[in-house]
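J.: Next one to model:
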Amino acid sequence: MLKRDEWLDLARKLDWSFSYVDEREVFPEVISGRPWLAQDAWKDWDEPYRTTYAEYVTNQHAKDVALDAVREAIGRVEDFQKHDASWLNGLKLHVATLPLAEFAAVVGNLRAGRFARDSAWRTTAALGALDELRHTQIPLLLMHDLVQWDPQFDWTHKFFHTNDWVAIAGRHLVDELLLTANPIEFAIATNFVFETGFTNLQFVGLASMAHHVGDRMFEKMVQSIQTDEARHAQIGGPVLQTVLKHDPAYAQYLIDKWFWRSWHFFAIVTGFAMDYLTPLKDRTASFKEFMEEWTLDQFARSLEEYGLKKPWYWDQFLDGLDQYHHMVYASAYTYRATVWFDLTLPGPEERAWLRLKYPNTWDRMEPIWERITERARQAGPGVEWYTHGVTPVAFCDLCQLVLCEGTTDANSARTYAHEGRKYIFCSEPCQWIFQTEPQRYAAHKSVVGRILAGEAPPNLLELVKYFGLTQEMWGKDVAGGSYPWLVNAKTNGA
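T.: Okay, the predicted model is just below:
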């Protein structure tokens, strides 16, 4: 019997020359991606894991057994009930955005499994599709038993099937990134930018926090997923290297576009969890510090190794690290009935910690929380108020998120006219992406666009129902306004 290393390269490289059909017909550019290159240009494609199917099955079985063991030991409802309420709501946010996005990645990988230009790439993508199916199933399984205890956990499956404003933004990203991207854009955008640049932050950073919180089940879940991500993330580099040889401008564009789009997504999903929904005593670092460690340093080095430039908006991105997720969180707390998880009102100690971590910008955020705190003080414990009014806020026509770029002093929102219609964007990079590929984005309807088209109700109270939320499910204040540090006006005769 041949030893593994004696047959592996032969089995991985099974490309052949077509005699009965033209290569362009087998791999049409519209599906395989551009730049369209002959098979010979891809023959050196390789990745370091070089996993066989037998090895894959053995390794995945061992990981599933380990995960099942942890679930059996500490995965019951009563185990979750022991955790801090804020942490559990960070968990609701994370697990809602994860599984069906991972299922979309199954489709993206399967497309690459057929139309990627090298057989070794196609094999690795096929294993990646199996990975993503596993990542879909894990959170759905682990959160299933929690639904009867807390219906907000039902959004683990429900989220992407709703018209909630966060779901609209998430689908807008996921559909383009994972469902409609050709294998070349998928490999660079997903495997290189999204997975190499950001999922380390998502899984390693949050696993660290889960360990300190004592949530061993969540810690094990994200670690188990991350070991898969690390392997198929290796697809992106060799694809990027080949594209750079033939169309460096296009390669740079894909980096710039997808770094910005990924950044907005992670600023909310991970930024909220790290800076607001993790108990103060268990925070190991701020969102910005994790970004600096896992994204800025590592991703910037990766770009340098490939001879690529940092995205042209890099300074704007660095400014956003200090403020973007804070502004979106303040908006989400104010309009919390529009989301499916509860949010916490940061008290004096939390705000002191945030000031320490964000010394250059927190003075701008402090007055916002002072006003919100005063409103909570006047309302009293147990009295929920959800919005400043009943009129919906505005959303960016590219990222579909609320207009929270810029600062509290100078919002960076901007407008642009295209074919007789005015579009609004939260930032210059979002406008730039739209203008570069308007055919991809012009027809998409934001929440406001749906209201103007008569597809969604204009009254915010009715809009919450359109979002798929009921009073039982919609977001509230984690403590119901009952904080030890919050001196209530009514109970003190003010």
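J.: all contacts plus neighbour counts: C-alpha atoms, from now on.
T.: Fine.
J.: any idea how far Tyr423 lies from Cys396?
T.: Going from Tyr423 to Cys396 by Cα to Cα, to the nearest Å gives 8 Å.
J.: between those two, which one's more packed in?
T.: Set side by side, Tyr423 and Cys396 show more neighbours around Cys396, with 25 against 17, by other Cα atoms under 10 Å.
J.: hang on, that one packs against Glu428?
T.: No. Look at Cys396 against Glu428 with Cα atoms under 8 Å: they stay out of range, at 11.1 Å.
J.: Could you name every residue contacting both of those two?
T.: Common contacts of Cys396 and Glu428 (Cα atoms under 8 Å, 6 or more residues apart in numbering): none found.
J.: now Cys396: how far from Phe434?
T.: For Cys396, the distance to Phe434 equals 11 Å [Cα to Cα].
J.: List the residues that contact Gln234.
T.: Glu47, Pro48, Asn191, Phe192.
J.: Where neighbours are concerned, which of those residues has the most?
T.: Phe192 (27 neighbours).
J.: Can I get stretch 328-339 as PDB, trimmed to CA atoms?
T.: Output in PDB follows, covering the C-alpha atoms of stretch 328-339 (Å, rounded to 0.1, in the frame of the first residue of the first chain):
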ATOM      1  CA  VAL A 328     -24.600  52.000  17.000                       C
ATOM      2  CA  TYR A 329     -25.000  50.600  20.500                       C
ATOM      3  CA  ALA A 330     -26.500  53.800  21.800                       C
ATOM      4  CA  SER A 331     -28.900  53.800  18.900                       C
ATOM      5  CA  ALA A 332     -29.800  50.100  19.600                       C
ATOM      6  CA  TYR A 333     -30.400  50.700  23.300                       C
ATOM      7  CA  THR A 334     -32.600  53.700  22.500                       C
ATOM      8  CA  TYR A 335     -34.600  51.700  20.000                       C
ATOM      9  CA  ARG A 336     -34.200  48.400  21.700                       C
ATOM     10  CA  ALA A 337     -37.700  47.100  21.000                       C
ATOM     11  CA  THR A 338     -36.500  46.700  17.400                       C
ATOM     12  CA  VAL A 339     -34.000  43.900  18.200                       C
END
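J.: tell me the mean pLDDT over that stretch?
T.: The pLDDT scores in stretch 328-339 average 93.
J.: That one: how far from the chain's middle?
T.: With Cα atoms, centre = their mean, to the nearest Å as the basis, stretch 328-339 stands 18 Å off its chain's centre.
J.: same thing with stretch 366-378?
T.: 29 Å.
J.: Report the buried residues of that stretch.
T.: Applying a neighbour-count criterion of 16 or more other Cα atoms under 10 Å, one finds Trp369, Ile372, Thr373, Ala376, Arg377 buried in stretch 366-378.
J.: And the pLDDT for the second one?
T.: Confidence per residue is given as pLDDT, and for Ile372 that number is 92.
J.: Skipping adjacent residues, who's closest to it in space?
T.: Thr334 (7.9 Å; Cα to Cα, 6 or more residues apart in numbering).
J.: Thr295 is in contact with Gly197, correct?
T.: Yes. Using Cα under 8 Å, Gly197 is in contact with Thr295, at 5.3 Å.
J.: Could you check which of the two has the larger neighbour count?
T.: Legend: neighbour count by other Cα under 10 Å for Gly197 and Thr295, higher for Gly197 (26 against 21).
J.: Tell me if I am right that that one is in a helix.
T.: Yes. Assigned with DSSP: H, G, I helix; E, B strand; the rest coil, Gly197 falls within a helix.
J.: Roughly how far does it sit from Ile188?
T.: Using Cα to Cα, Gly197 is found at 11 Å from Ile188.
J.: cool, and His157?
T.: On the measure of Cα to Cα, His157 and Ile188 end up 28 Å apart.
J.: who has more neighbours, these two?
T.: Per other Cα under 10 Å, whichever of His157 and Ile188 has more neighbours is Ile188, with 26 against 19.
J.: where does the more buried one land in three-state SS?
T.: Using three-state DSSP, the structure places Ile188 in helix.
J.: got the contact list for it?
T.: Counting by Cα under 8 Å, 6+ apart, the residues that Ile188 touches are Gly236, Gly237, Val239, Leu240, Leu254, Ile255.
J.: mind putting those in CSV, distance to Trp314 included?
T.: Formatted as CSV, these follow (distance: Cα to Cα, whole Å):
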residue, distance to Trp314
Gly236, 21
Gly237, 21
Val239, 24
Leu240, 20
Leu254, 15
Ile255, 12
